[in-house]
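K.L.:
Structure, please.
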Amino acid sequence: MKRATSRLTTAQALVEFLRVQHVERDGEASPFFGPLLGIFGHGNVGGLGEALEAAQDRTRFIPMRNEQAMVHAAAAYAWRKRRLGALACTSSVGPGATNMVTGAAGATINRLPVLLLPGDVFARRHVRPLLQQLEMPGSQLASVNDTLRPVSRYWDRIERPEQLLAALPEAMRVLTSVAETGAVTLCLPQDTQAEAFDVPADFLEPRSWRVARPEPEPELVAEVARLLDAARRPLIVAGGGVRYSAAEAELAAFAERHAIPVAETQAGKGTLAWHHPFNLGAIGAAGGLAANRWAREADLIIALGTRLGDFTTASATAWPDPAARVVAINVGEADAAKGALGMVADVRQALRAIDERLSGQPADPARRRQVEMLRAEWDGDVDNLVAEGAPEGPPRNGITQAQVIGRVNAAAGRDGTVVCAAGSMPGDLHKLWRAASADDYHVEYGYSCMGYEIAGGLGIKLADPQREVIVLVGDGSYLMMNSEIVTSLQEQAHLTVVLVDSQGYASIAGLARSMGARNGFNDRRARDAASGRLEGPVLPIDFVAHAASMGARAERASTVDELDAALAAARRADRSSVIVVERDARSRVGSYESWWEVPVAEVSESESVRAARAEYEEARKRQRWPA
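P.N.:
Here you go, the predicted model:
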């Protein structure tokens with residue numbers, strides 16, 4: 001019997017295939033792809049552009065302003081969908097494609113599914129060099145899209161239309177993998193996009209991809225249960241894997257039942273509600289008092305769905321006892337191998353299995369009291385930091401960053417998500433934000449990528465239009481990438497952007513000072529004509545006027561009361577709002593007995609650098625290796 005086919009271009013077949021892909025977990029299925037994001041150029045306008053025009057009634061297309069930003073938006077969309085949904089992003093050949101590299105790296109590092117569809121040079125090679133073609137003397141196969149290879153989990157170039165039949169299922173396999181997901185790149189030569197072939201009808205039939213829940217090995221379950229029963233001071237470190245497993249209820253019950261305190265990573269924040277009696281809050285280099293003190297004397301660490309990055313482990317100093325055991329439970333084999341005992345398993349399934357094997361003996365009441373005391377002390381510190389009347393008195397030059405976080409936290413309410421990325425705010429948010437759920441808090445910190453914030457907020461709003469999204473961004477990051485405010489207006493995806501003006505790269509300026517530097521390289525200052533140094537006046541930027549020029553509501557808040565009023569007005573507004581806050585840079589949140597390794601120059605003429613080097617060498621003595 002002859003196989004039924006449809007005559008379609010490569011681009012048309014691709015668009016129709018994406019439209020009918022679904023994902024299923026725990027018996028619930030849903031469409032996998034949302035809108036397609038893109039910016040058109042000569043490398044994709046005649047292929048994908050035409051295909052999307054014909055499919056407008058079936059596939060929503062959203063034009064973006066920056067290719068890096070659109071990948072960030074897609075990553076945040078996947079975060080909000082808990083990796084059960086994704087967006088595809090198309091760009092032209094050349095700079096449009098290479099602009100996506102940074103976003104792809106962030107998606108892969110954070111294990112978030114994103115499909116990239118960059119245009120490419122002619123597969124036929126009959127005209128060369130093309131506009132924007134990179135000529136390599138040693139190969140005719142290379143193009144600028146090869147820069148996406150190392151930051152993609154799967155990379156392919158579709159040089160013949162029929163290759164889609166093999167490439168697209170492989171792309172879906174990786175996008176829906178619980179362990180190997182990340183950026184997937186399918187390079188599309190512009191002539192191939194427009195070329196037609198006979199597409200098998202069954203290839204375009206709806207398909208559902210099952211998201212697996214790997215079960216733990218029984219022998220490992222028994223071993224972990226034995227270690228927990230014997231532990232005097234155990235600690236759970238909750239990572240993003242708890243969120244993607246939807247294991248919040250299991251974690252809360254497990255911690256309460258066995259009196260095991262829980263510390264949060266950036267990706268795991270909110271997986272245990274802040275008011276849970278065994279939530280000790282943030283751990284590591286950006287951690288708080290309670291979690292860091294408990295970790296210092298922990299004898300067993302259960303790492304749940306975390307990569308155990310340097311911020312989480314405080315550069316391998318968070319649990320210094322060499323006798324302490326680390327159990328890493330993760331769907332990724334490489335991440336599970338970071339523990340002394342690794343368990344490759346879904347977090348929810350692992351918690352359920354371990355719970356059944358534990359002895360059921362009540363935990364030492366003293367442990368409960370110790371956790372309660374640490375929580376009470378840390379809660380009091382947070383209250384003082386975010387209050388209007390902090391112990392050191394009201395700031396003289398703006399609102400403190402802690403106060404901004406406290407007011408935004410209150411304004412977010414039960415239906416709000418805060419979005420942030422690079423700089424000092426992620427660390428302060430990790431310490432001070434009180435998340436009631438895993439959907440309240442999205443800080444991109446695997447890649448710590450400046451420019452992520454506004455685009456990330458847009459991605460979450462596209463995934464969940466009813467959710468209140470508040471973006472916290474510094475002036476340095478805002479100046480790098482603010483153009484997706486325009487896209488938010490275009491799509492009626494209302495954002496509240498709180499722009500904290502620190503007059504430069506304040507986070508790195510502070511880090512440089514801690515290492516002995518005394519330059520103005522990170523300040524937003526004019527160059528002094530006499531000295532030739534960056535020590536002139538602060539460059540004045542009217543951020544309110546800038547945001548308003550793009551069509552956003554924009555206002556300035558100079559006091560806590562003004563910030564409260566502006567946040568309330570933004571929630572009621574009919575479009576995106578930008579609230580500019582001048583930060584009092586003198587008031588900082590402490591490091592709470594933690595450390596982050598950034599090497600200091602071993603040889604320097606500066607006395608302050610030599611002193612910082614001595615402190616650095618002393619701190620390295622506390623490192624525990626291997627973890």
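K.L.:
can we go C-alpha only for contacts and neighbour counts from here?
P.N.:
Noted.
K.L.:
just the helices in the stretch 401-550 of the chain please.
P.N.:
Taking DSSP state H, counting those that start in this stretch, the helices of the stretch 401-550 of the chain run over residues 401-412, 425-432, 452-463, 475-480, 484-490, 506-514, 543-549.
K.L.:
and those helices, which is most packed in?
P.N.:
Among the helices of the stretch 401-550 of the chain, judged by mean count of other CA atoms under 10 Å, the one packed with the most neighbours on average is helix 452-463 (a mean of 29).
K.L.:
in terms of contact count, name the helices or strands touching it.
P.N.:
helix 67-80, strand 416-420, strand 468-474, helix 484-490 (3 or more CA pairs under 8 Å, 6 or more residues apart in numbering; DSSP states H and E).
K.L.:
Partner strands of the shortest one, with direction?
P.N.:
In the sheet containing strand 416-420, the strands it pairs with under DSSP bridges are strand 441-443 (parallel), strand 468-474 (parallel).
K.L.:
how about TSV for these, with distance to Val144, mean pLDDT and mean neighbour count added?
P.N.:
Formatted as TSV, the strands paired with strand 416-420 follow (distance: least, CA to CA, whole Å; pLDDT from 0 to 100; neighbours: other CA atoms under 10 Å):
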stretch	distance to Val144	mean pLDDT	mean neighbour count
strand 441-443	30	98	26
strand 468-474	31	97	27
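K.L.:
okay if I get those as a markdown table plus distance to Val211?
P.N.:
A markdown table is the format used below for those (distance: least, CA to CA, whole Å):
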| stretch | distance to Val211 |
| --- | --- |
| strand 441-443 | 23 |
| strand 468-474 | 28 |
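K.L.:
Please name whichever of those strands is nearest to Ala69.
P.N.:
strand 468-474 (14.4 Å; CA to CA).
K.L.:
Can I get the closest one in PDB, CA atoms only?
P.N.:
Output in PDB follows, covering the C-alpha atoms of strand 468-474 (Å, rounded to 0.1, in the frame of the first residue of the first chain):
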ATOM      1  CA  GLU A 468       1.800  38.700  38.400                       C
ATOM      2  CA  VAL A 469       5.400  39.000  37.300                       C
ATOM      3  CA  ILE A 470       7.800  41.400  39.000                       C
ATOM      4  CA  VAL A 471      11.300  41.800  37.500                       C
ATOM      5  CA  LEU A 472      14.100  43.000  39.700                       C
ATOM      6  CA  VAL A 473      16.900  44.400  37.600                       C
ATOM      7  CA  GLY A 474      20.000  46.600  38.200                       C
END
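K.L.:
Next, the residues that contact that strand from outside, please.
P.N.:
408, 412, 415-421, 423, 425, 453-454, 457, 460-461, 494-502, 571 (CA atoms under 8 Å, 6 or more residues apart in numbering).
K.L.:
With stretch 309-323 instead?
P.N.:
Contacts for stretch 309-323 (CA under 8 Å, 6+ apart): 265, 283-286, 292, 295-299, 594-597, 622-625, 627.
K.L.:
and His22, what helix or strand is that in?
P.N.:
Per DSSP states H and E, His22 falls inside strand 21-25.
K.L.:
Which elements pack onto that strand?
P.N.:
So strand 21-25, by 3+ CA pairs under 8 Å, 6+ apart, packs with strand 28-31, strand 207-210.
K.L.:
go again using 10 Å as the cut-off
P.N.:
strand 28-31, strand 33-38, helix 164-175, strand 207-210 (3 or more CA pairs under 10 Å, 6 or more residues apart in numbering; DSSP states H and E).
K.L.:
Could you pull up the mean pLDDT of the following helix or strand past the third one?
P.N.:
Going down the chain from helix 164-175, the next helix or strand is strand 183-189, by DSSP H and E. What strand 183-189 shows for mean pLDDT is 98.
K.L.:
Over to stretch 20-27?
P.N.:
On average, stretch 20-27 scores 97.
K.L.:
Output that stretch as CSV, restricted to C-alpha atoms.
P.N.:
The C-alpha trace of stretch 20-27 is given here as CSV (Å, rounded to 0.1, in the frame of the first residue of the first chain):
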residue,chain,number,x,y,z
VAL,A,20,1.2,18.4,17.1
GLN,A,21,3.8,17.4,19.7
HIS,A,22,2.5,16.7,23.2
VAL,A,23,4.2,15.7,26.5
GLU,A,24,2.8,13.3,29.1
ARG,A,25,3.6,12.7,32.8
ASP,A,26,1.6,10.9,35.4
GLY,A,27,-1.2,10.3,32.9
